[in-house]
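Participant: this one's sequence-less:
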């Protein structure tokens, strides 16, 4: 016996062919009961949906392109995790483009790969796209969601890095610290949305507002890794006479590097040195790190949901509609301030 067709599945399930087609392709506008009946009938008859045929019929490939600058960094891998889980649950494939810091690789991804018909939409993480690049994608009806900063004409999800850096610094100032160091990101990490520079500006603004000078030798750069920050924090803490009482690191991994460096010099955290980070890294809990949790995985999941909503909205419009994209929205993702055991009053203020 040959493979069953959709007509036989519809007859077995007692549903219309259109309903079975919607149910088996994961469309939202099907009741749970109909979906169950369609799946049961398809399983009994050994029916295998033809994704090629359904993509031709719908103009949809059920494939989303995700462009990241680096896959091995915690933030990006967490975003990928959130995007991937949400797309899988919706029956979508994910094509990952890890462009690194090579401009020509990035150009080929944006101007070649993403314009191929096999992608329905694009999520760009911490990449500044030019207006021309965005227009090109929107012109061929490929909705875009950016994570990490504003993209003209595209929907975006971001956190307010400047305000959060101020909040982190104000937490230390509120405890009575005035000798505060900052571990920022190296110049090349400022390529796109200038994140390290924005967090540094927030730190400086909080210090200035409180009437405290920022000491240039206490603003040091690392590469957003534990190892990199450990090395620069050792230099920062080496001189006992001129040592900060607190460190605000622009990422949790760098904050953990600072905590490990402090231990090398017999400094207790937080009694001798307070440390605060920013991100919401899983290791933060282990180290008792005070931080601001930006929930990178949740940001990825939200971006995927926004894209799926946009694609569904486009599918419901007449084919002659100009674009499937709904109005571009810029959403600030909610963050959570987590006060743990790595921050306390400075040594001089202790009784």
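Facilitator: On my side now, so go ahead. All values reported here derive from a predicted model rather than from experimental measurement. Numbers count the residues shown, from 1 in each chain.

Participant: Now the element after the helix ranked longest in the chain, going C-ward?
Facilitator: Using DSSP state H to define each element, the chain has its longest helix at helix 296-315. Using DSSP states H and E, the helix or strand that follows helix 296-315 in sequence is strand 330-332.

Participant: Let's test this: mean pLDDT of that following strand, rounded?
Facilitator: Strand 330-332 carries an average pLDDT of 91.

Participant: just checking, what packs against the next helix or strand after it?
Facilitator: Downstream of strand 330-332, the first helix or strand assigned by DSSP H and E is strand 336-338. If you count contacts as 3 or more C-beta pairs under 8 Å, 6 or more residues apart in numbering; DSSP states H and E, strand 336-338 packs onto strand 291-293. From N, CA and C alone the C-beta is placed, and that goes for glycine too.

Participant: The strand it packs on: how far from the chain's middle?
Facilitator: Mean-position distance between strand 291-293 and its chain equals 14 Å (C-alpha atoms, centre = their mean, to the nearest Å).

Participant: which residues touch residue 306?
Facilitator: 145, 155, 157, 329, 331 (C-beta atoms under 8 Å, 6 or more residues apart in numbering).

Participant: residue contacts, the last one?
Facilitator: Spelled out, that is residue 331. So residue 331 contacts 155-158, 302, 306 (C-beta under 8 Å, 6+ apart).

Participant: Quick check: ChimeraX command selecting the buried ones in those.
Facilitator: Buried subset of the contacts of residue 331, written as a ChimeraX selection, criterion 16 or more other C-beta atoms under 10 Å:
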select :155,156,157,158,302,306
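
Participant: In TSV: the contacts of residue 331, plus pLDDT.
Facilitator: Shown next, in TSV, are the contacts of residue 331 (pLDDT from 0 to 100):
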residue	pLDDT
155	91
156	94
157	95
158	93
302	96
306	93
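
Participant: State the mean pLDDT of stretch 26-39.
Facilitator: 83.

Participant: How far does it stretch from one end to the other?
Facilitator: Taking C-alpha to C-alpha, to the nearest Å, stretch 26-39 runs 11 Å from one end to the other.

Participant: do stretch 145-158 as well
Facilitator: Taking C-alpha to C-alpha as the measure, stretch 145-158 stretches 11 Å from start to finish.

Participant: swap in stretch 291-298?
Facilitator: Start-to-end, stretch 291-298 (C-alpha to C-alpha) is 17 Å.

Participant: Show residues contacting that stretch.
Facilitator: Residues contacting stretch 291-298 (C-beta under 8 Å, 6+ apart): 74-75, 78-79, 81-82, 159, 164, 167-168, 252, 255, 276-281, 284, 333-338, 340.

Participant: Got a quick PyMOL command for the buried subset of those?
Facilitator: Of those, the buried ones can be selected in PyMOL as follows, counting by 16+ other C-beta under 10 Å:
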select buried, resi 74+75+78+79+82+159+164+167+168+252+255+276+277+278+279+280+281+284+333+335
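
Participant: any idea of the mean pLDDT in the helix or strand encompassing residue 259?
Facilitator: Applying DSSP H and E as the criterion places residue 259 in helix 252-264. Per-residue pLDDT over helix 252-264 has a mean of 97.

Participant: quick revisit: for the longest helix of the chain, buried residues please.
Facilitator: 296-308, 310-311, 314-315.

Participant: try stretch 251-271
Facilitator: Neighbour-count burial for stretch 251-271 [16+ other C-beta under 10 Å]: 251-262, 267, 269-270.

Participant: Mind picking out the helix or strand in this protein with the poorest mean pLDDT?
Facilitator: Ranked by mean pLDDT, DSSP states H and E, the weakest helix or strand in the chain is helix 51-58, scoring a mean of 50.

Participant: which residues of this protein score low on pLDDT?
Facilitator: Filtered on pLDDT under 70, the chain yields the residue ranges 1-4, 27-28, 50-60, 113-117, 188-193, 315-326, 349-351.
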